[in-house]
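> Okay, here's the prediction I keep looking at, along with the sequence it came from:
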Amino acid sequence: MKKITTLTALSLLCFGINTAIAEQSQPLATPSDSEQVGSESTINIPVLDDAHIFSQFNDELPAMVTYFTKSDFDQVRQFYSEQFGAPSSDRIQYGRLELHFDHLGNDVRVIVDEQQSHHEVDVIMVVKQ
C-alpha cells in the first residue's frame, strides 16, 4: 500500500508542475528582444496561442522552447513565417516538419512532430556562426 501512495503523490506532484508550466503566458516578441529581470535577461521565443509549454530555456543563447499544440503543420509554418519571414529551408523528414530561419543574426530551427492528438513543436535559437 505504501508503494501506491508514493506513486500517487509523485503523479500529483508532476501534474502540478506541468499545470504550472502550461499556465505561463508567453508574449510574442522577436528573438533579439529581451526583458531585463534584475541583472538577467530573457530571450522571448514566440509560441502559438494554444501552446502548452513543456520545457523552456531562454536565459541566454542558445535558447529553446518545447510545447504542444493542436495546430497542424501548415498553421505552425504560417505562424513562424509571420514571425521570422520566409524560411531558408522547409522540408518534411522522418514525418517531421523542419523549418530553418535566418533572423536578426540568429539561426532559428523549428521542428514539428505529429503526436497522437497534438503536435510537439521545438524551437531552437542559436547565434549564427
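Thanks, I have the structure now. As the structure is a computational prediction, the values presented were derived from the model and not from experiment.
> drop to CA atoms for contacts and neighbour counts, all remaining ones
OK.
> And the strands in this protein, which stretches?
Per DSSP state E, the chain carries strands over the ranges 34-37, 40-43, 52-57, 63-69, 89-93, 96-103, 106-114, 119-127.
> Going by mean pLDDT, which of the ones you listed comes out lowest?
For those, mean pLDDT drops lowest on strand 34-37, to a mean of 36.
> Pull out the buried positions in stretch 54-61.
Across stretch 54-61, burial judged by 16 or more other CA atoms under 10 Å covers Phe54, Asn58.
> could we number from 335 for the rest of this?
Okay, using 335 as the starting number, the last item reads as stretch 388-395.
> Please produce a markdown table containing the strands of the chain, extended by distance to Phe413.
Below are the strands of the chain laid out as a markdown table (distance: least, CA to CA, whole Å):
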| stretch | distance to Phe413 |
| --- | --- |
| strand 368-371 | 20 |
| strand 374-377 | 18 |
| strand 386-391 | 16 |
| strand 397-403 | 12 |
| strand 423-427 | 14 |
| strand 430-437 | 12 |
| strand 440-448 | 11 |
| strand 453-461 | 12 |
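> For Arg411, which of the ones you listed is the nearest?
With distances scored as CA to CA, the stretch of those nearest to Arg411 is strand 430-437 (7.6 Å).
> List the strands paired with that closest one, with their directions.
strand 423-427 (antiparallel), strand 440-448 (antiparallel) (DSSP bridges).
> which of those strands sits most buried?
strand 440-448 (a mean of 20; mean count of other CA atoms under 10 Å).
> List the neighbours of that strand that are in contact with it.
407, 410, 429-436, 453-462 (CA atoms under 8 Å, 6 or more residues apart in numbering).
> Out of the strands of the chain, flag the one nearest Ser415.
strand 430-437 (8.5 Å).
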